[in-house]
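Asker: Need coordinates for the following:
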Amino acid sequence: MSSLNFFQNLRVGADALRANPLRTVLSTLGMIIGVGSLVAVLSVGDGLEDTMRAQLDQTTSVMYFTVDPVTAEEVDGQSFPLDRYPVFVAADVREAARMPGVEGLSAQLTARGEVTDSAGRVRRMAMIVGVTEGWSAIGGVTLAAGRAFTARDVNDTTGRLVVLSGGLARRLIVAESLSGVAELLGRTLRLQSTVFTIIGVSADTSANDMAWVPLPAATAAMPPTARPRVVSLLGKLRTVEQADSVRIAITRWATTRFGAGTVSFKSNEGRLQQAQQGILLFKLFMGAITGISLLVGGIGIMNVLLAAVTERTREIGIRKAVGARSRDVRSQFLAESIVISGFGSAVGVVLGLGAAFSITALMRAQLPGMQIAASVSMSTVAVAVLSAVLVGLVFGMYPAVRAARLNPIEAIRHE
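Answerer: A predicted model of the protein is given here:
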């Protein structure tokens with residue numbers, strides 16, 4: 001069937017359906033409800049998935065990954081330390097941070113060490129962390145005063161700068177009778193026996209004593225060890241779907257830089273995948289239920305076409321008598337089926353989107369603080385419309401075939 005004949009059949013089909021508008025509307029009602037329900041379920045489900053992804057990103061480490069050097073090997077169930085393993089430096093961090101899919105990357109070297117104020121009134125064991133630039137954004141550390149480390153600070157191997165946690169800063173403020181954290185900036189303290197200058201204070205309110213220093217200065221701020229301390233990389237993914245590609249890129253880079261099997265890559269995308277599977281099951285389950293409405297709509301289409309075949313039996317006979325082929329008659333009724341399902345799907349999409357936005361607005365009203373909104377995508381609309389058209393074709397096939405098989409002579413004699 002040519003495109004010209006196809007569109008002509010659609011026009012004739014639309015004219016035939018307009019002849020009995022009430023019956024046409026009633027026949028499309030099931031299709032409208034089915035498509036509307038499907039669009040609403042898929043849009044709300046996509047909105048829930050987006051909200052869940054945003055909440056996981058804010059409250060968990062699902063977007064983060066770590067790269068650790070392999071420092072031991074296992075033989076017959078026993079772990080033996082390796083004499084040589086990668087020790088990351090600032091240049092390694094910058095090189096790895098340029099890989100596609102990596103939003104941010106910082107080194108992390110951790111050890112407990114002694115912190116002493118300049119007057120010797122405060123002596124605390126604190127967690128000393130050696131980092132590179134960008135660590136505050138990746139680690140979610142905000143500053144109450146001062147600044148974080150820059151690339152220039154990290155590159156200066158002789159510099160001795162430190163950023164204090166809020167808990168440690170409060171102890172120093174009380175000991176030195178200061179008015180606030182701003183007065184700590186520029187003062188000095190000792191990490192082990194090395195003097196460091198305070199350039200920042202974090203805004204955390206916990207009682208944890210922590211001090212961040214540039215990675216090159218970390219060794220001077222920590223107790224000496226016989227073996228090099230382990231430096232890990234903490235990074236953030238641009239999207240959780242890029243975890244596999246980032247893993248491959250990091251592993252390939254580490255193999256070239258340090259040798260095969262020298263690092264391990266860990267991420268938490270499995271937690272997001274579990275949540276996504278739950279949302280997918282929800283959409284499949286609700287989609288299956290709303291699919292029943294589409295089937296009901298298909299039955300309505302079949303009924304109205306069967307009635308049309310009965311009413312237009314004489315017309316069909318005349319058309320076949322003057323040269324219309326069986327496939328022309330069949331195409332005519334299939335075109336009417338497409339018109340019904342197309343009209344029903346168009347109205348259903350509009351109503352479904354309205355229902356989806358109304359449902360999410362009600363959810364926001366009932367759950368304050370939950371920033372959920374319906375997510376509309378072309379794939380959702382396409383799935384709903386194509387499902388409706390497919391149902392229309394399937395249920396319109398029997399009336400179309402029945403009309404095409406009518407005997408012209410008996411059809412003309414039909415009253």
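Asker: Can you point out the buried residues in whichever strand or helix holds Ala40?
Answerer: For Ala40, the host element (DSSP states H and E) is helix 21-59. With burial defined by 16 or more other C-beta atoms under 10 Å, the residues of helix 21-59 counted as buried are 24, 27-53, 56-57. All C-beta atoms are positioned from the backbone trio N, CA, C, and that covers glycine.
Asker: Identify, by residue count, the longest helix of the chain.
Answerer: helix 269-311 (DSSP state H).
Asker: Report the angle between that one and helix 21-59.
Answerer: 180 degrees (axes from the mean of the first three to the mean of the last three C-alpha atoms, to 10 degrees).
Asker: pLDDT on helix 269-311, on average?
Answerer: For helix 269-311, mean pLDDT is 78.
Asker: What is that helix packed up against?
Answerer: helix 21-59, helix 326-366, helix 378-404 (3 or more C-beta pairs under 8 Å, 6 or more residues apart in numbering; DSSP states H and E).
Asker: Would you reformat these as a markdown table and include distance to Gln192?
Answerer: Output for those, formatted as a markdown table (distance: least, C-beta to C-beta, whole Å):
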| stretch | distance to Gln192 |
| --- | --- |
| helix 21-59 | 36 |
| helix 326-366 | 53 |
| helix 378-404 | 59 |
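Asker: Does Phe65 touch Phe265 like I think?
Answerer: Yes. Proximity of Phe65 to Phe265 meets the contact threshold set by C-beta atoms under 8 Å, at 6.5 Å.
Asker: Name the SS class of Phe88, please.
Answerer: Applying DSSP: H, G, I helix; E, B strand; the rest coil to Phe88 yields a three-state assignment of coil.
Asker: Quick check: Met125 is in a helix.
Answerer: No. Going by three-state DSSP, the assignment for Met125 is strand, not a helix.
Asker: so where's the longest strand in this protein?
Answerer: If you go by DSSP state E, the chain has its longest strand at strand 102-117.
Asker: what element comes up after the longest helix of the chain heading to the C-terminus?
Answerer: helix 313-321.
Asker: List the buried residues for that following helix?
Answerer: Under 16+ other C-beta under 10 Å, the buried positions of helix 313-321 are Thr313, Glu315, Ile316, Gly317, Arg319, Lys320.
Asker: any idea of the mean pLDDT in whatever helix or strand comes next after the helix holding Ala40?
Answerer: Heading C-terminal from helix 21-59, the first helix or strand you meet, by DSSP H and E, is strand 64-69. Mean pLDDT, computed over strand 64-69, is 90.
Asker: Check which strands are paired with strand 64-69 and give the direction for each one.
Answerer: strand 232-237 (antiparallel), strand 263-267 (antiparallel) (DSSP bridges).
Asker: Not counting that strand itself, show me its contacts.
Answerer: Contact with strand 64-69 is made by 85-88, 96, 138, 230-237, 243, 246-247, 250, 254, 258, 262-268, as judged by C-beta atoms under 8 Å, 6 or more residues apart in numbering.
Asker: Then stretch 156-166?
Answerer: Applying C-beta under 8 Å, 6+ apart, the set of residues contacting stretch 156-166 is 126, 143-144, 146, 148-149, 153, 172, 181, 184, 189, 191, 194-206, 208-214, 216-217, 220-221.
Asker: low-scoring stretches of the chain, by residue?
Answerer: 1-10, 12-19, 56-61, 207, 269, 271-272, 275, 414-415 (pLDDT under 70).
Asker: Going by neighbour count, which residues in stretch 289-299 are buried?
Answerer: Thr290, Ser293, Leu294, Gly297, Gly298.
Asker: do stretch 242-259 as well
Answerer: Using 16+ other C-beta under 10 Å as the burial criterion, the residues of stretch 242-259 that qualify are Gln242, Ala243, Val246, Arg247, Ala249, Ile250, Thr251, Trp253, Ala254, Phe258.
Asker: contact partners of it?
Answerer: Residues outside stretch 242-259 that contact it (C-beta under 8 Å, 6+ apart) are 65, 67, 69, 86, 92, 95-96, 99-102, 235, 237, 261-263, 265, 267, 269.
Asker: CA atoms only for it, dumped as PDB, please.
Answerer: C-alpha atoms of stretch 242-259 as PDB (Å, rounded to 0.1, in the frame of the first residue of the first chain):
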ATOM      1  CA  GLN A 242      30.400   5.800  34.200                       C
ATOM      2  CA  ALA A 243      31.800   3.700  37.100                       C
ATOM      3  CA  ASP A 244      32.800   0.800  34.800                       C
ATOM      4  CA  SER A 245      34.500   3.000  32.200                       C
ATOM      5  CA  VAL A 246      36.300   4.900  35.000                       C
ATOM      6  CA  ARG A 247      37.400   1.600  36.500                       C
ATOM      7  CA  ILE A 248      38.800   0.400  33.200                       C
ATOM      8  CA  ALA A 249      40.600   3.800  32.500                       C
ATOM      9  CA  ILE A 250      42.100   3.900  36.000                       C
ATOM     10  CA  THR A 251      43.200   0.300  35.900                       C
ATOM     11  CA  ARG A 252      44.800   0.800  32.500                       C
ATOM     12  CA  TRP A 253      46.600   4.000  33.700                       C
ATOM     13  CA  ALA A 254      47.800   2.300  36.800                       C
ATOM     14  CA  THR A 255      49.100  -0.700  34.800                       C
ATOM     15  CA  THR A 256      51.100   1.600  32.600                       C
ATOM     16  CA  ARG A 257      52.300   3.700  35.500                       C
ATOM     17  CA  PHE A 258      53.100   1.100  38.100                       C
ATOM     18  CA  GLY A 259      52.500  -2.400  36.600                       C
END
